[in-house]
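Enquirer: Based on what follows, work out the 3D shape:
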Amino acid sequence: MKRILVPVLLIFLVLNSLYPYSAYAHTNNSEGFSTINVKDKTLDYELKLDLEELGHALNKVTNEKELINHKVLQKYINSHIKLYADSELVEGSVLETDIEMIKERPFAGINLVYKIGHKPEKLVVEYNMFMDDSDPSHANYATIKMDGKQQEKVLTFESREVEIGEISFLQNVKQFLILGLVHIFTGYDHIMFVISLLFGAKTIRHILSLVTAFTVAHSITLALATFDIVHLPSRFVESAIALSIIYVALINIFNQDSKHQPWLAFAFGLIHGFGFAGILSEMKLDTGHLAASLLSFNLGIEIGQLLIVCLAFPLILWIKKLTLRPIKWVIPGTSAAILALGLVWFIQRAF
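Expert: Prediction:
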């Protein structure tokens, strides 16, 4: 029976499309059962859902041309059940499905695995199956097992979250420090902006003033966004970041002797800070370590930024001192390439 869930769901979807007001439409007071077992680097989730209610819910996210399969089921579950391991969102993969009878009703048995990469100290589950789109009276009886501890809770429309464990201070600092480093080294738009600033820097003292202004500015808006004091639409922020790259690149191309001012770095740093905060908005930050999380993340960004400056600025100074004519085109040519990237990013993000 392990592979009959998908065809059974297809039958429910067909019946729903042919007879939308039939007994197969959906059930009130539907139930679900969650058994979550946290292992070293993985998490096993045994999810059982009322089969008729699941068929009705999936009917709203599929159409006649799209057949139900594991990927559709997996996407639906991941969009309605959020699991945070040590604040980081992780997504599950459907391993197998089954049909079983519980209280004389058919239930879909779905086994999922979540690959975490490390043994988590804290797990938070946000459960939203059916509650907002088909059955507000749905209830799920959840059991979480981790490190010999067990947490149980009935998840309902009014109470959708369950957590177990507590992340340590050192683990929290380490995690967000690494996250900041990874974010700056994979944030190519931020790297391009910093390098563009370096092209207009004249001395070490000058570059220190630029980096300091940029750091202070993005630290301010990173904190404002993380504490939910100021919120800007992500499309606006990402488009503005692309515009900042375009603006500085244009200066570097048409006025190669220009000296970038700290106020310029500060002004655009405010925008980049909201961009840095984007990744934190996708996480479930521990309120007990919120200040430490923010400080560690920002410190990781600064360390990464400092490494970029230490590697790139000496090379830029060396290139500027060379007298060979072809070398004179290296910085304008690189600025033109950065300008092109900025234009591509702006078009992708704004439209």
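Enquirer: Which strands or helices does the helix ranked longest in the chain pack on?
Expert: Secondary structure of the chain per DSSP state H: the longest helix is helix 290-321. Secondary-structure packing of helix 290-321 (3 or more C-beta pairs under 8 Å, 6 or more residues apart in numbering; DSSP states H and E): helix 169-186, helix 188-199, helix 204-226, helix 262-281, helix 330-350. Bear in mind the C-beta positions are built from the backbone N, C-alpha and C, glycine included.
Enquirer: How is Asp135 assigned, secondary-structure-wise?
Expert: coil (DSSP: H, G, I helix; E, B strand; the rest coil).
Enquirer: In which helix or strand does Thr35 reside?
Expert: Assigned by DSSP states H and E, Thr35 falls within strand 31-38.
Enquirer: coming back round to it: show me what counts as buried in the longest helix of the chain.
Expert: 293-298, 300-302, 304-305, 308-309, 312-313, 316 (16 or more other C-beta atoms under 10 Å).
Enquirer: domains for the chain, by residue range?
Expert: Using automatic domain parsing, the domain ranges for the chain come out as 5-165, 169-350.
Enquirer: Turn the ones you listed into JSON lines, columns for mean pLDDT.
Expert: Shown next, in JSON lines, are the domains of the chain (pLDDT from 0 to 100):
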{"stretch": "domain 5-165", "mean pLDDT": "83"}
{"stretch": "domain 169-350", "mean pLDDT": "91"}
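Enquirer: Does His231 touch Ala225 like I think?
Expert: Yes. Counting by C-beta atoms under 8 Å, His231 touches Ala225, with 6.6 Å between them.
Enquirer: Between those two, which has more neighbouring residues?
Expert: Between His231 and Ala225, counting by other C-beta atoms under 10 Å, Ala225 is the more crowded of the two (22 against 12).
Enquirer: Can you tell me how far that one is from Val237?
Expert: Distance, Ala225 to Val237, by C-beta to C-beta, to the nearest Å: 9 Å.
Enquirer: any residues in contact with both of those two?
Expert: Here Ala225 and Val237 share the contacting residues Phe274, scored by C-beta atoms under 8 Å, 6 or more residues apart in numbering.
Enquirer: what about the helices and strands packed on helix 290-321, which gets the closest to Thr156?
Expert: Of all the helices and strands packed on helix 290-321, helix 262-281 sits nearest to Thr156, with 26.0 Å by C-beta to C-beta.
Enquirer: now for that closest one, which elements pack on it?
Expert: Using 3+ C-beta pairs under 8 Å, 6+ apart, the elements in contact with helix 262-281 are helix 169-186, helix 188-199, helix 204-226, helix 234-254, helix 290-321.
Enquirer: will you turn the ones you listed into JSON lines that also has distance to Lys328?
Expert: As requested, the helices and strands packed on helix 262-281 are arranged in JSON lines below (distance: least, C-beta to C-beta, whole Å):
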{"stretch": "helix 169-186", "distance to Lys328": "30"}
{"stretch": "helix 188-199", "distance to Lys328": "13"}
{"stretch": "helix 204-226", "distance to Lys328": "21"}
{"stretch": "helix 234-254", "distance to Lys328": "13"}
{"stretch": "helix 290-321", "distance to Lys328": "9"}
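Enquirer: Measure how the longest helix of the chain sits relative to helix 262-281, angle-wise.
Expert: Per axes from the mean of the first three to the mean of the last three C-alpha atoms, to 10 degrees, the angle that helix 290-321 makes with helix 262-281 is 140 degrees.
Enquirer: Give me the packing partners of the helix or strand hosting Ile99, helices and strands only.
Expert: Per DSSP H and E, Ile99 falls inside strand 92-102. Counting contacts by 3+ C-beta pairs under 8 Å, 6+ apart, strand 92-102 is packed against helix 5-18, strand 42-50, helix 70-80, strand 105-115.
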